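Asker: I would like the atomic coordinates for the input below:
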Amino acid sequence: MAGIKALVSLAFSASIGLMFLILACALPEYNNWWPFFVLVFYVLAPIPTIIARRMSEDSGGSNPCKELAYFVTAGLVVSAFGLPIVLARAPVEQPVIQWGACALVLSGNIVTFLTIWGFFVMADSDDVEYSMW
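Answerer: Numbering: from 1, shown residues only. Here you go, the predicted model:
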């Protein structure tokens with residue numbers, strides 16, 4: 001039963017993160033849909049780690065496949081945090097997004113990436129039947 005509670009709490013926190021992202025796009029003072037491009041990073045970030053866990057054997061030492069997957073995943077996460085900052089600091093007469101929208105996207109990034117990390121932690125535990133990943 002603890003696995004179901006963890007899964008429900010992860011789904012709730014993912015919906016909170018997406019709510020921050022939607023608010024950054026849809027509030028009348030921001031009214032700009034450029035921050036939605038962060039969704040690409042939400043989809044791409046866990047893929048290298050999932051592939052590396054399926055391809056590599058489970059040994060106690062360092063595994064180059066997993067190390068490369070963690071490096072690519074870290075690059076995608078940093079890019080997800082960098083995109084709204086670059087959009088807010090665009091060197092034009094008026095920035096592409098406002099700083100308030102940037103703050104909402106960054107807070108949504110924190111919540112969503114912590115949710116993704118929490119899913120991988122939960123899937124690695126032995127007492128949950130979702131450990132097929």
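
Asker: which regions of the protein lie under the pLDDT threshold?
Answerer: Along the chain, segments meeting pLDDT under 70 span 1-2, 57-61, 125-133.

Asker: one more time with 90
Answerer: Within the chain, the ranges that satisfy pLDDT under 90 run 1-7, 27-32, 52-66, 90-96, 119-133.

Asker: can you map out the helices along the chain?
Answerer: 2-26, 38-44, 47-55, 64-88, 99-124 (DSSP state H).

Asker: would you turn those helices into a markdown table with distance to residue 32 and mean neighbour count?
Answerer: C-beta: built from backbone N, CA, C; applies to glycine. Formatted as a markdown table, these follow (distance: least, Cβ to Cβ, whole Å; neighbours: other Cβ atoms under 10 Å):
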| stretch | distance to residue 32 | mean neighbour count |
| --- | --- | --- |
| helix 2-26 | 7 | 15 |
| helix 38-44 | 13 | 16 |
| helix 47-55 | 28 | 15 |
| helix 64-88 | 9 | 16 |
| helix 99-124 | 7 | 18 |
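
Asker: Centroid-nearest residue for the chain?
Answerer: Centroid-nearest residue in the chain, with Cα atoms, centre = their mean: residue 113, separated by 3.4 Å.
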